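S.K.: build me a model from this:
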Amino acid sequence: MAKILIGNYDATIYPEGNGYTGAISLGFKPDGTRNRQKRKGKTKEIVKAKLKDLVNELEKGVQADRNYTVEKAADALLSHLAKQGKSKATMRTYRGLVDHHIIAKLGKIKVTDLTADDVETWLGQCAEVMSTQTLKIVHGLLRRSIRLAERRDKVGRNVALLVDTPQGKRPARRSRSMSLKQATKLLKTAQDPKHRLGAYVILAIVSGLRTEELRALTWANVDLKKKVVYVLRSDREGGDTKTEKSRRGIAMADMAVDALTTLRKRQAAEKLAAGDAWQGHNLVFCKEDGTPYTSDDVLRRFQRITQAAGIGATWVPRELRHTFVSIMSDNDVALEKISDLVGHSDTRTTRTVYRHQLRPVITTGAEKMNVIFKDKKSRSA
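M.R.: Modelled structure (predicted):
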């Protein structure tokens, strides 16, 4: 049995089972029994490192919980985020990622036993099947789980911070925007009555509403006479804080008003035919029996329309919003106005998310003068 000194504490390391056990004497408990903290490992070096971590925790005043697993830490994080008001859609996404990638692979490991090598190996496995963007989210969830455990004195340090996120299997596809020609084709095709989702597509292109805002839209928030649609920011992330301040009204183009008027008449006929089978959600965009569309329902129906329009079947609904921003920018609408139209609190988000769709409205002085005098010269020639 080897005796060593770690910090100000006497420790011993001795063979046990297929490895080694280390123990630090912390004096006596209130009942008079010896207070000894133990750590186990395959080699003496591993045990010694664990004992050093234990001493660091003791000196910092951290009472590490030896039975606190990664699974418990991840579940605690999700509970914490839910209380902060994260949207149900976001929480469903996080729950799926945590269950399938964090808990399934690391869940049984005690947080105090988790090493940077464990995290690096796990991330390497995830990178084989995951995009870089998703990998960053999953790694971020693990980091935040352990950080919360740190705040609650469950662990002394966050080993997930010591590892960089690797590149995933494939780069995340950046959202695209349709050209004016493509958008025009799509709008024309969407007017065909055979496409039940046509009004959805039309309203999305001419208003820039988010796909989740459209799916949650009810007839109570549509005024066809005033040609205005009202949406709540809480439909996206704000939970139950549906205040007048969070509500914004967006004027609709005539094309959208016509499409929604036709859709409302169609729904009235379907409701009458369905009778008691009709689901009373009062949704603007819904299935034939009034039940809500899932995101997969919308994607499938949307891609049928894009394919029929001759622009391919690889587009996704969120790109209608990007198309709106692109068309507005190409037609010299100022960035501040675009931010207001798409419901951003400032222009920073608009610039960050839609940078590739934005065109400068005002050029620098020299560039502007070159254009002005070039035009003047061509007119006088």
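S.K.: what's the burial count for Arg264?
M.R.: For Arg264, the neighbour count with other CB atoms under 10 Å is 14. Using the backbone N, CA and C atoms, a C-beta is placed for each residue, glycine as well.
S.K.: which residues touch it?
M.R.: 219, 224 (CB atoms under 8 Å, 6 or more residues apart in numbering).
S.K.: check which helix or strand it maps to.
M.R.: helix 254-274 (DSSP states H and E).
S.K.: tell me which residues of that helix are tucked away?
M.R.: Residues of helix 254-274 classed as buried: 255-257, 259-260, 263, 267, 270-271 (neighbour count, 16 or more other CB atoms under 10 Å).
S.K.: what packs against the very next helix or strand once past that helix?
M.R.: Heading C-terminal from helix 254-274, the first helix or strand you meet, by DSSP H and E, is helix 295-308. Counting by 3 or more CB pairs under 8 Å, 6 or more residues apart in numbering; DSSP states H and E, the packing neighbours recorded for helix 295-308 are helix 180-190, helix 198-207, helix 211-216.
S.K.: what's the offset of helix 295-308 from the middle of its chain?
M.R.: Remark: helix 295-308 is offset 22 Å from the chain centroid, using CA atoms, centre = their mean, to the nearest Å.
S.K.: give me the low-pLDDT residue ranges for the stretch 201-350 of the chain?
M.R.: Within the stretch 201-350 of the chain, the stretches with pLDDT under 70 are 232-247, 338, 340-350.
S.K.: what does the helix or strand encompassing Thr93 contact?
M.R.: Assigned by DSSP H and E, Thr93 belongs to helix 88-97. When contacts are defined by CB under 8 Å, 6+ apart, helix 88-97 is touched by residues 78, 81-82, 86, 134, 137-138, 141, 212, 237.
S.K.: and the furthest pair within the residues you listed?
M.R.: Val138 and Glu212 (22.1 Å; CB to CB).
S.K.: which one's more surrounded, these two?
M.R.: Comparing Val138 with Glu212 by other CB under 10 Å, the one with more neighbours is Val138, at 21 against 18.
S.K.: contacts only, for the more buried one.
M.R.: So Val138 contacts 97, 101-102, 126, 130 (CB under 8 Å, 6+ apart).
S.K.: return the member of the residues you listed nearest to Asp276.
M.R.: Leu97 (39.9 Å).
S.K.: any idea how many residues pack against the closest one?
M.R.: Neighbour count of Leu97, defined by other CB under 10 Å: 20.
S.K.: and if you look at Gly17?
M.R.: A total of 8 residues lie near Gly17 under the criterion other CB under 10 Å.
S.K.: sorry, back to before: now the helix holding Arg264 - C-alpha only, PDB.
M.R.: Taking C-alpha atoms only, helix 254-274 is exported to PDB below (Å, rounded to 0.1, in the frame of the first residue of the first chain):
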ATOM      1  CA  ASP A 254     -54.200  41.000 -52.900                       C
ATOM      2  CA  MET A 255     -53.000  37.600 -54.100                       C
ATOM      3  CA  ALA A 256     -52.900  36.200 -50.600                       C
ATOM      4  CA  VAL A 257     -56.400  37.700 -49.700                       C
ATOM      5  CA  ASP A 258     -57.900  36.000 -52.800                       C
ATOM      6  CA  ALA A 259     -56.200  32.700 -51.900                       C
ATOM      7  CA  LEU A 260     -57.400  32.800 -48.300                       C
ATOM      8  CA  THR A 261     -60.900  33.800 -49.300                       C
ATOM      9  CA  THR A 262     -61.100  30.700 -51.600                       C
ATOM     10  CA  LEU A 263     -59.700  28.500 -48.900                       C
ATOM     11  CA  ARG A 264     -62.200  29.700 -46.400                       C
ATOM     12  CA  LYS A 265     -65.100  28.800 -48.700                       C
ATOM     13  CA  ARG A 266     -63.600  25.400 -49.400                       C
ATOM     14  CA  GLN A 267     -63.200  24.700 -45.600                       C
ATOM     15  CA  ALA A 268     -66.800  25.700 -45.000                       C
ATOM     16  CA  ALA A 269     -67.900  23.100 -47.500                       C
ATOM     17  CA  GLU A 270     -65.600  20.500 -46.000                       C
ATOM     18  CA  LYS A 271     -66.800  21.200 -42.500                       C
ATOM     19  CA  LEU A 272     -70.400  20.800 -43.500                       C
ATOM     20  CA  ALA A 273     -69.700  17.500 -45.300                       C
ATOM     21  CA  ALA A 274     -67.600  16.200 -42.300                       C
END
